[in-house]
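J.: Predicted model, plus sequence, below.
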Amino acid sequence: MSDEKQTKKKRIGLIGYLKETKAELGRVTWPTGKELFRNTGVVLTVVIFSTLAVWGIDTLLSGGLALLVK
């Protein structure tokens, strides 16, 4: 990137930043309610599965460590 372009970007200021942010948010493809609900379900399922997996591994390793210490 040339120095001139970097200098222009630095001079934008708060107002320019807010205008660019608003324009960028206008180009975002927002999910529909149905997509949002489905994606939320997927996230919760993965979180629950991951939590159970970590709990199971922790339990097994704790039990194994307790046997080694005895």
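T.: Looks like it arrived, so ask away.
J.: Where does pLDDT dip in the chain?
T.: Counting by pLDDT under 70, the chain has low-confidence residues at 1-10.
J.: in it, which spans are helices?
T.: Counting by DSSP state H, the chain has these helices, from start to end: 3-10, 13-26, 33-69.
J.: Turn the ones you listed into CSV, columns for mean neighbour count.
T.: To be clear about C-beta, it is placed using only N, CA and C from the backbone, and glycine gets the same treatment. As requested, those are arranged in CSV below (neighbours: other CB atoms under 10 Å):
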stretch, mean neighbour count
helix 3-10, 9
helix 13-26, 10
helix 33-69, 10
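J.: wait, what's in contact with the residue nearest the centre of the chain?
T.: Computing the C-alpha centroid of the chain and ranking residues by CA atoms, centre = their mean puts residue 43 first, at 10.8 Å. If you count contacts by CB atoms under 8 Å, 6 or more residues apart in numbering, residue 43 has none.
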